[in-house]
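> This is a predicted model, with the sequence first.
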Amino acid sequence: MSGEVIETQLLINNQLTPASTKETFNLFSPHTGKLVAKVAEASVEDVNTAVSFAQAAFPSWSALSPIERGKPLKAMAAKILASQLELAHLDAISMGKPISDYFDAKYAAVHFNYFGEAGYAQGHTSLNTPGFVNMSLRQPFGVVGIIIPWNAPLVFFSKKVAPAVAAGNCVVLKSSEKAPLTSWKVAQWIKECGFPPGVINVLSGHGHISSQAMSLHMSIRAISFTGSTRTGRAIQIASAKSNLKKVVFELGGKGPALVFEDADIEEAVRGTENSINFNSGQTCMANSRIYIQESIREKFLVEFVKAAKGRKIGNPLDRDVNHGPQADKAQYDTVFRYIDIGKETGKIILGAEENLSLKIEGESLAIHPVIFTDQPEDSPIMKEEVFGPVVCINTFATESEVIAKANSSEFGLYAAVYTKDLERALRVSKKLENGMVGVNCASPTGSWDLPFGGWKGSGTGRESLLESMEHFLETKSIYFRCPGIDG
């Protein structure tokens, strides 16, 4: 593909347009450091304009049958599948995701296809009140806001936009300033796929401008956001200050993996190493804390170090590479700040020399996997989300001890339990304060038809093929007096 600098636009009312202020910002490759795009910086005025067009489109869009609303969704699924290589390239040059691991297009196609046929909101009826036929309706909000993260932009575009518009809503979406290119590319297909003007509007820019404007907007009635807990808190505050819009959050994580002495160590190493180093550690559900029963510590560490050393670090456009750079310089610096903290509080057994060599070699923002041991449970690196390929491996003696350690966190997204004892697996899973638990598997293992989401500071609400549309529907009860119906 061409190495020319890309110039992106906003999509408002099915028209590609520059920002109203004409402002742009530069996007640099995290591998080469070269300029790859000039990205439109949406203004508050652009948010207001997009919302106005979404409001205008809502009556006719919501009046369509689910079959008619589903046709452009299914067309989008086909378009995405036909463009997998281009989409993979755009994420690789914008945020460093290796094309070898690019499942995102297939994931997105599944969601657009599914919600292209699943937009049948269901209420219910009741004869339980004498003299009445009562009913409930599920109806779309109107205009909903969607703010997606940079670590898997196409995944989150599809899993939020598809159920929102299938339910009859119109959408204003803001992509991440770190990874806006796949959203911009999909925006170019919205009119082609048959979505009427105003149904899906796609903005790019920085959160303190456009996300803040969306969070405060009085005509946006619901917001779905995936990202940091800090930003989620700011959106919730803005919602409270404006119109108490509904908020659905999938936020940060500090996932624990518990490996008992009867576990299949080879399987536990394979699952946990992939969990923390997949996407260069830039996943909310990564198991960044691993607890190993004391009797298997040495064997586990030897195998885990060997697996982490096997990562192929390099150009994300190289099909042999499975470990790309961090998304940008800010994220790179953040990860190294935590590595420095970890060196002060615990022992580093992999990554110190390797990362020194990487820093000398060139412009890439790649970070070699880092392994710490013997970290105090109250260390910042044990409590705070690093969002990089950094894992802390500590030991435990008893089941009750490791449950207490695992739950000693304000996060509660995904936990993993490795054991051959079924009773223990069920017992421990029930006691863990997490929204999802993998037994003899680790993240990103999941199930599209089960609720995805976290406890505590890891979010509110759940997403899945079966759950997501519920977040984009209001409930209305109608009490219909009907004399004589009882006799």
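Arrived safely, thanks for sending.

> Pick out the residue closest to the middle of this protein.
Nearest to the centroid of the C-alpha atoms of the chain, with distances taken as C-alpha atoms, centre = their mean, sits Thr226, at 5.1 Å.

> measure the residue lying closest to that one once chain neighbours are set aside to Phe411 for me?
Excluding the flanking residues, the one nearest Thr226 by C-beta to C-beta, 6 or more residues apart in numbering is Glu250, at 4.4 Å. In this view, the C-beta of every residue, glycine as well, is placed from N, C-alpha and C. Look at Glu250 and Phe411: by C-beta to C-beta, to the nearest Å, they are 12 Å apart.

> Quickly list what's touching both of those two.
Gly454, Ser458 (C-beta atoms under 8 Å, 6 or more residues apart in numbering).

> give me the element Gly145 is part of.
strand 143-147 (DSSP states H and E).

> tell me the mean pLDDT for the very next helix or strand once past that strand?
Later in the chain than strand 143-147, the nearest helix or strand by DSSP H and E is helix 153-166. Mean pLDDT, helix 153-166: 98.

> Then stretch 434-449?
Mean pLDDT, stretch 434-449: 97.

> What's the end-to-end length of that stretch?
Terminal residues of stretch 434-449 are spaced 18 Å apart (C-alpha to C-alpha, to the nearest Å).

> quick one: that stretch to chain centroid distance?
In this view, stretch 434-449 has its centroid 15 Å away from the chain centroid, taken as C-alpha atoms, centre = their mean, to the nearest Å.

> which residues are in contact with that stretch?
With contacts defined as C-beta under 8 Å, 6+ apart, stretch 434-449 is touched by 110, 255-257, 263-264, 267-268, 271-272, 274-275, 278, 283, 285-287, 412-419, 425, 429, 451-455, 458-459, 462, 464-466.

> The strand holding Gly145 - contacts with which helices or strands?
If you count contacts as 3 or more C-beta pairs under 8 Å, 6 or more residues apart in numbering; DSSP states H and E, strand 143-147 packs onto helix 44-63, helix 153-166, strand 170-174, helix 212-216, strand 220-226.

> what sits against the closest residue to Gly351 other than its chain neighbours?
Among residues not flanking Gly351 along the chain, Val370 sits closest, at 3.3 Å (C-beta to C-beta, 6+ apart). For Val370, the contacting residues are Ile339, Gly342, Ile348, Leu350, Gly351, Ala352, Asn355, Gly388, Pro389, Val390, Val391, by C-beta under 8 Å, 6+ apart.

> just those now: which is nearest Gln188?
Gly388 (32.2 Å; C-beta to C-beta).

> Now do that closest one against Ser65, distance only.
47 Å.

> Neighbour count for these two, which is higher?
More crowded of Gly388 and Ser65, by other C-beta atoms under 10 Å: Gly388, with 25 against 9.

> before we move on, back to that, would JSON lines of the contacts of Val370 with secondary structure and distance to Gly33 be doable?
As requested, these are arranged in JSON lines below (DSSP: H, G, I helix; E, B strand; the rest coil; distance: C-beta to C-beta, whole Å):
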{"residue": "Ile339", "secondary structure": "helix", "distance to Gly33": "21"}
{"residue": "Gly342", "secondary structure": "helix", "distance to Gly33": "26"}
{"residue": "Ile348", "secondary structure": "strand", "distance to Gly33": "27"}
{"residue": "Leu350", "secondary structure": "strand", "distance to Gly33": "26"}
{"residue": "Gly351", "secondary structure": "coil", "distance to Gly33": "22"}
{"residue": "Ala352", "secondary structure": "helix", "distance to Gly33": "24"}
{"residue": "Asn355", "secondary structure": "helix", "distance to Gly33": "17"}
{"residue": "Gly388", "secondary structure": "coil", "distance to Gly33": "19"}
{"residue": "Pro389", "secondary structure": "coil", "distance to Gly33": "20"}
{"residue": "Val390", "secondary structure": "strand", "distance to Gly33": "23"}
{"residue": "Val391", "secondary structure": "strand", "distance to Gly33": "27"}
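
> Weed out the non-buried ones from those residues.
Ile339, Gly342, Ile348, Leu350, Gly351, Asn355, Gly388, Pro389, Val390, Val391 (16 or more other C-beta atoms under 10 Å).

> As a markdown table, those with distance to Ile93 and pLDDT would be great.
Formatted as a markdown table, those follow (distance: C-beta to C-beta, whole Å; pLDDT from 0 to 100):
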| residue | distance to Ile93 | pLDDT |
| --- | --- | --- |
| Ile339 | 26 | 97 |
| Gly342 | 31 | 97 |
| Ile348 | 31 | 97 |
| Leu350 | 29 | 96 |
| Gly351 | 26 | 94 |
| Asn355 | 23 | 90 |
| Gly388 | 20 | 97 |
| Pro389 | 20 | 98 |
| Val390 | 25 | 98 |
| Val391 | 28 | 98 |
